[in-house]
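Engineer: 3D, please:
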Amino acid sequence: MFQPILPEHVGGARRAFFERGASPAGAVPDAILQSWRRCQRQGLSVDARPEVAPVPELSLRELRQRRERLWRLARPELEGLAGSLSSSDGIVLLTDEEGWVLDAEGSNSFLDRAGQVALMPGVRWDEGTVGTNAIGTAIVEGRALQVRGGEHFFAPHGILTCSATPIFDPFGQRVGVLDISGDARHAHLHALALGRHAVDQIEHRYFADGLDDCELLHLHAQPLLLGSPREALLGFRNGRLVAANRVGLELFGLDRHDIGHASYEALFDQPLSRLHDDGMLLDRQGRALYGHGEHKRHARAASVPVARVPRTAPAAAAVLAAPGTVLAAPVQQQLRQAVRVLDAGLPVLVQGETGTGKEVFARELHRRCARAGQPLVAVNCAALPEGLIEAELFGYEEGAFTGARRQGSTGLLRQAQGGVLFLDEIGDMPLALQPRLLRVLQERELSPLGGGRPVKLDFALVCASHCDLQQAVAEGCFRADLYYRIADHVVHLPALRELDERGALLQALWAPMAQGRVLQAEVLDVLQKQRWPGNLRQLQACLRTLVTLSDPGEQISLAHLPAELLKAPPAPVAAANPAQGGLRDIAEDVMRQALQATDGNVSAAARQLGISRSTLYRRLGQPAAR
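Structural biologist: Numbers count the residues shown, from 1 in each chain. Got it, this is the predicted structure:
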């Protein structure tokens, strides 16, 4: 385990406070000092080691289910931050409003180190349990803050530097915390800014997810920032402010306690009709604010526009109209084919390296298919605890096993009734469970654990895996009969380094978030030549970081790029990590040389290259042998 980090000024402050009872004002931030005092008043002993352990898997699963909306809306930011932190020895965590850790992702090595002090899913990181820490102290303070090394109350936590930002819903209620943690021996200069930017994205998504009946205003003094998380969002009902994001509150000098009390007339000098007519509104300070409004009829309902974006802001209109996903041209063609297959009642299997956009592809497939109006139920087979995966998938009756809910559970398969079932990372499904899934897919009938009447199932099936399932079948890790049941149509998503149009794709990803920023030519060159082992997820995380660390209209230069990108060599021709399922960056001439060296023996050539036979066929543009 790491030794706690105690810089001299922090070590001196701890000795003064905990040993002599002095108040080391100025030696540590005031928020830390106040937290130390609260911990002492709660009876915590600085010399003790907090006795905490994660809750059982079933309890954690139920906790996540109760916070499903938070997890769903935060997921894109978690994945983006995890991609950028995986190479920098850091992790990102999501907690609920009480500090229960729901999810943790990022550097595998640091996840292990954090686990040594119980910074992991299923543990509550509130001040009363684990003392001064970024998550718990941010909850008490109601604002973003960083706790570095020895500023933690308990000495073992000194191995961490943590930056936490509370997440609030549109009505001013705290719903969770996003935390970025890393090794206290390193400086984490931008962690707090990255966390704040991510939380702005999450809170912005809460408004798009739906509000109760109200008039929602999108406003900003700079029209180009409309549609971005930096726009002010204000919801009014009967002339009273009922919802607002952080930007909206700061724009008018309000705090969250003003939600439900401030009136429209106290904020604006003109009637709402002026926003409808001119796309502009003057506030009580005489400031011109551009924007538009929409009437939210009910939660999660489609919005009805009641005002237009000003004609003077075409770029803002483009941002508002931009699609939520960016897919490369080859992938667009694959998507069109997959829609036809799925609508014909045939299953679709999506294969590709981690980060190539398999879940994005599946969600876009659902959006375009005939079942778009029905639910999409996404199940990550790798994330479900092995001991509970059968119960979670197939459901169970009351009393089916120890810990079963009193009312039982319908199971995830039945929740997809009428819609689309997406089994992500199906290659990680336990081998012993595969026969039952196969039987359900063949018979389209399900019997819950513990008895109960069989239920007829009706859903379209999409599966995904980062590993080469044909190779897994050959190695005995995946059942051949299940593979042929789910692989009527196989989509192979290319790795980012394999795309000829990297520059165009990069610009398409950058445009909606640029807000006037310009990537200089040398920056574009560096970004296009990167290997991007994390593929689109890693690239998007890098672009979001560039946005966070710059201002609208700024020129993005090489100085803005992370040092590891500038040091990294161009994408090599050699094979990639074997764990990534055989989708390798191997030049065709190397493959052909391997074939010649083995006298055309495809199996021998594939073994020599460390890839599957199907991958070798595909990369050489030849049909696979039957």
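Engineer: which secondary structure element contains the closest residue to Gly90 other than its chain neighbours?
Structural biologist: Using C-beta to C-beta, 6 or more residues apart in numbering and skipping residues adjacent in sequence, the residue nearest Gly90 is Gly182, 3.8 Å away. Where you see a C-beta, it was placed from the backbone N, CA and C, and this is true even at glycine. In the assignment (DSSP states H and E), Gly182 maps to strand 174-183.
Engineer: Buried ones in that strand, by neighbour count?
Structural biologist: Residues Arg174, Val175, Gly176, Val177, Leu178, Asp179, Ile180, Ser181, Gly182, Asp183 are the ones in strand 174-183 that count as buried (16 or more other C-beta atoms under 10 Å).
Engineer: following that strand, which helix or strand shows up next?
Structural biologist: helix 191-209.
Engineer: Report the buried residues of that following helix.
Structural biologist: Going by 16+ other C-beta under 10 Å, helix 191-209 has these buried residues: 191-207.
Engineer: any chance you could map the helices in the stretch 301-450 of the chain?
Structural biologist: Along the stretch 301-450 of the chain, the stretches classed as helices by DSSP state H, counting those that start in this stretch are 314-321, 329-343, 358-368, 389-394, 412-415, 434-443.
Engineer: will you turn those helices into TSV that also has distance to Asp96, mean pLDDT and mean neighbour count?
Structural biologist: Formatted as TSV, the helices of the stretch 301-450 of the chain follow (distance: least, C-beta to C-beta, whole Å; pLDDT from 0 to 100; neighbours: other C-beta atoms under 10 Å):
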stretch	distance to Asp96	mean pLDDT	mean neighbour count
helix 314-321	31	27	17
helix 329-343	35	88	16
helix 358-368	23	90	20
helix 389-394	20	64	21
helix 412-415	21	78	19
helix 434-443	31	86	15
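Engineer: Redo those helices as TSV? Include distance to Pro562.
Structural biologist: Listed next are these as TSV, based on distance: least, C-beta to C-beta, whole Å:
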stretch	distance to Pro562
helix 314-321	26
helix 329-343	27
helix 358-368	24
helix 389-394	37
helix 412-415	38
helix 434-443	41
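Engineer: Please identify which of these is closest to Val490.
Structural biologist: helix 329-343 (9.7 Å; C-beta to C-beta).
Engineer: Now do the closest one: distance to the chain's middle.
Structural biologist: Between the centre of helix 329-343 and the centre of its chain there are 25 Å (C-alpha atoms, centre = their mean, to the nearest Å).
Engineer: What of stretch 541-554?
Structural biologist: Centre to centre, stretch against its chain (C-alpha atoms, centre = their mean), the figure for stretch 541-554 is 18 Å.
Engineer: do stretch 362-378 as well
Structural biologist: 19 Å.
Engineer: Can you get me the start-to-end distance on it?
Structural biologist: 9 Å (C-alpha to C-alpha, to the nearest Å).
Engineer: got the contact list for that stretch?
Structural biologist: 325, 327, 335, 338-339, 342-343, 348, 350, 359, 412-413, 415-422, 424, 459-460, 462, 464 (C-beta atoms under 8 Å, 6 or more residues apart in numbering).
Engineer: cool, stretch 13-30 as well?
Structural biologist: Leu6, His9, Val10, Gly12, Leu33, Trp36, Val46, Leu145, Gly150, Glu151.
Engineer: Give me the pLDDT value at the fifth one.
Structural biologist: pLDDT, the model's per-residue confidence, is 93 for Leu33.
Engineer: Ok, Ala624 next?
Structural biologist: With respect to pLDDT, Ala624 scores 46.
Engineer: Likewise for Gly553?
Structural biologist: Listed pLDDT for Gly553 reads 85.
Engineer: Make sure it is indeed in a strand.
Structural biologist: No - assignment of Gly553 by DSSP: H, G, I helix; E, B strand; the rest coil gives coil, placing it outside any strand.
Engineer: nearest spatial neighbour of it, skipping sequence neighbours?
Structural biologist: Computed as C-beta to C-beta, 6+ apart, the closest residue to Gly553 that is not its neighbour in sequence is Gly516, at 4.0 Å.
Engineer: wouldn't that neighbour be in contact with Pro552 here?
Structural biologist: Yes - counting by C-beta atoms under 8 Å, Pro552 is a contact partner of Gly516 at 4.7 Å.
Engineer: Find residues that contact each of the two.
Structural biologist: Taking C-beta under 8 Å, 6+ apart as the contact rule, Gly516 and Pro552 both touch Leu224.
Engineer: Grab the CA positions of stretch 244-261 and hand them over as CSV.
Structural biologist: Extracted C-alpha coordinates of stretch 244-261, given in CSV (Å, rounded to 0.1, in the frame of the first residue of the first chain):
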residue,chain,number,x,y,z
ALA,A,244,-32.6,26.3,-13.0
ASN,A,245,-29.1,25.0,-13.7
ARG,A,246,-25.9,26.4,-12.1
VAL,A,247,-25.2,28.7,-15.0
GLY,A,248,-28.7,30.2,-14.9
LEU,A,249,-28.5,30.8,-11.1
GLU,A,250,-25.0,32.4,-11.4
LEU,A,251,-26.2,34.6,-14.3
PHE,A,252,-28.7,36.3,-12.0
GLY,A,253,-26.8,36.0,-8.7
LEU,A,254,-29.2,33.5,-7.3
ASP,A,255,-28.6,30.3,-5.3
ARG,A,256,-30.6,27.1,-5.2
HIS,A,257,-32.7,28.3,-2.3
ASP,A,258,-34.2,30.8,-4.7
ILE,A,259,-35.7,28.1,-6.8
GLY,A,260,-39.5,28.1,-6.1
HIS,A,261,-39.4,31.7,-4.9
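Engineer: contacts for that stretch?
Structural biologist: 142, 168, 170-172, 200, 203-204, 207, 219, 229-235, 240-243, 262, 267, 283, 289.
Engineer: What distance do you get for Leu225 to Gln332?
Structural biologist: 29 Å (C-beta to C-beta, to the nearest Å).
Engineer: ok, now Gln146?
Structural biologist: Distance from Gln146 to Gln332, counting by C-beta to C-beta: 42 Å.
Engineer: Repeat that for Gly503.
Structural biologist: 17 Å.
Engineer: how much distance is there from stretch 161-179 to the middle of the chain?
Structural biologist: That offset, for stretch 161-179, works out to 15 Å (C-alpha atoms, centre = their mean).
Engineer: And stretch 265-283, by the same measure?
Structural biologist: On C-alpha atoms, centre = their mean, the centre of stretch 265-283 falls 36 Å from that of its chain.
Engineer: Quick check: buried residues in it?
Structural biologist: Taking 16+ other C-beta under 10 Å as the neighbour-count basis, stretch 265-283 is seen to contain the buried residues Leu267, Phe268, Leu272, Leu275, Gly279, Met280, Leu281, Asp283.
Engineer: before we move on, the earlier item: the strand holding Gly182 vs helix 191-209, what angle?
Structural biologist: Interaxial angle, strand 174-183 versus helix 191-209 (axes from the mean of the first three to the mean of the last three C-alpha atoms, to 10 degrees): 150 degrees.
Engineer: Thought Leu413 was touching Val420, still the case?
Structural biologist: No - using C-beta under 8 Å, Val420 is not in contact with Leu413; the gap is 11.9 Å.
Engineer: Can you pull the residues that touch both of these two?
Structural biologist: The contact lists of Val420 and Leu413 share Val377, Phe459, where a contact means C-beta under 8 Å, 6+ apart.
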